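Chemist: Below is the sequence, then the predicted model.
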Amino acid sequence: MARMKFVCDAERCIECNGCVTACKNENEVPWGVNRRRVVTLNDGVPGEKSISVACMHCSDAPCMAVCPVQCFYRTDEGVVLHDKDVCIGCGYCSYACPFGAPQFPTQGTFGARGKMDKCTFCAGGPEANGSEAEFEKYGRNRLAEGKLPACAEMCSTKALLAGDGDVVADIFRTRVVARGKGAEVWGWGTAYGSQQAGNPPAGGVKQ
Amino acid sequence: MSRRTIGCLLGVAASVALLAACSEKPQTNAQGVKFDAVPWSGTGAEANTGTVFTAPGWKVGDKTAWQQQIKTRMNSQNEYTKEN
């Protein structure tokens, strides 16, 4: 198996927010923290596009690079996770992330910033799989239950795809060929690297 | 020992006791990031968290079975393979 990836098909997303709801429900994410959200471009204008955004579990994750306490780690399945017992809540990762994935719960009278929280690809965290501690800190570990992330499995139009990069890329390619348009995958080049997006042409300047 | 000296010593002792809580915690990640178990090891058998939620069709602990299970679910996202 290769690496777990997310792909959001902007041609299919209908901004129903089912993924957001599924995520919040499955992981019991507190108020003020949105591990996943739907962003609409040109809202209200004919031809508007919506995309579901969360942690893309980047191949070369900037959050991991800037973390001063090295609380991030990557599993063998390519899922970027972090240890909340090590995180100091400094917020560097939120500045580094191009997708705005890191979230910080505010708690207490003065809204003190808590430890970072983000999408875990429904893979829990470093606590024992399926334990109460894991659920409290990181949410549900669906991968260990033999399931894919709730957001993707809940998506009614199957705009949001999750799974092995090769498989989801194949599914997306089939769609593009069938409908004849929409080859641009939002976030794919930034998160996973691509010849189409994010890379400068040979000998040229990045456009 | 004069009362003044005793007072000073008590003051120093009280200051040390009060400021002890202000000492800095070690900044090093001595314990490191905890080890994360592989997903095919399952979620255990605890009530409300364990096997009741595990998807049927694969055996916990079997990496190949887990991969097959995930692959099946991944391919179920592709409606082009389904009959219309």
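Modeler: Thanks, I have the structure now.
Chemist: Could you use CA atoms for every contact and neighbour count after this?
Modeler: Will do.
Chemist: residue nearest the centroid of chain B?
Modeler: Taking CA atoms, centre = their mean, the centroid of chain B lies closest to B:Lys34, which sits 6.9 Å from it.
Chemist: Chain A now?
Modeler: Most central in chain A under CA atoms, centre = their mean is A:Cys55, positioned 2.5 Å from the mean C-alpha point.
Chemist: Give me every residue in chain A that's in contact range of chain B.
Modeler: Contact residues, chain A versus chain B (CA under 8 Å from any CA of the partner chain): A:1, A:69-73, A:75, A:83, A:86, A:123, A:125-132, A:141, A:143-148, A:153, A:158, A:161-164, A:167-168, A:171, A:174.
Chemist: From the residues you listed, which land in strands?
Modeler: Using DSSP state E, the subset of those located in strands is A:Phe72, A:Tyr73, A:Leu161, A:Ala162, A:Gly163, A:Asp164.
Chemist: Show me how to select, in ChimeraX, the buried members of those.
Modeler: Buried members of these, defined by 16 or more other CA atoms under 10 Å in any protein chain shown, are picked up in ChimeraX with:
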select /A:72,73,161,162,163,164
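Chemist: Out of the ones in strands among the residues of chain A next to chain B, which comes closest to B:Met74?
Modeler: Distances from B:Met74 to those, taken as CA to CA, are shortest for A:Gly163 (5.8 Å).
Chemist: Report the beta-bridge partners for the closest residue to the closest one other than its chain neighbours.
Modeler: The shortest distance from A:Gly163 to any non-neighbouring residue, by CA to CA, 6 or more residues apart in numbering or on different chains, is to A:Met4 (4.9 Å). Applying DSSP bridges to A:Met4 yields these beta-bridge partners: A:Asp164.
Chemist: What is the burial count for A:Thr186?
Modeler: To be clear, residue A:186 is Trp; Thr isn't right here. When neighbours are defined as other CA atoms under 10 Å in any protein chain shown, A:Trp186 has 16 of them.
Chemist: From chain B, how far out is it?
Modeler: 19 Å (CA to the nearest CA, to the nearest Å).
Chemist: show me the contacts for that residue.
Modeler: A:Val7, A:Cys8, A:Asp9, A:Ala10, A:Ile51 (CA atoms under 8 Å, 6 or more residues apart in numbering or on different chains).
Chemist: Let's have the residues you listed in TSV, adding neighbour count, secondary structure and pLDDT.
Modeler: Shown next, in TSV, are those (neighbours: other CA atoms under 10 Å in any protein chain shown; DSSP: H, G, I helix; E, B strand; the rest coil; pLDDT from 0 to 100):
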residue	neighbour count	secondary structure	pLDDT
A:Val7	23	strand	94
A:Cys8	22	strand	94
A:Asp9	24	coil	94
A:Ala10	21	coil	93
A:Ile51	25	strand	95
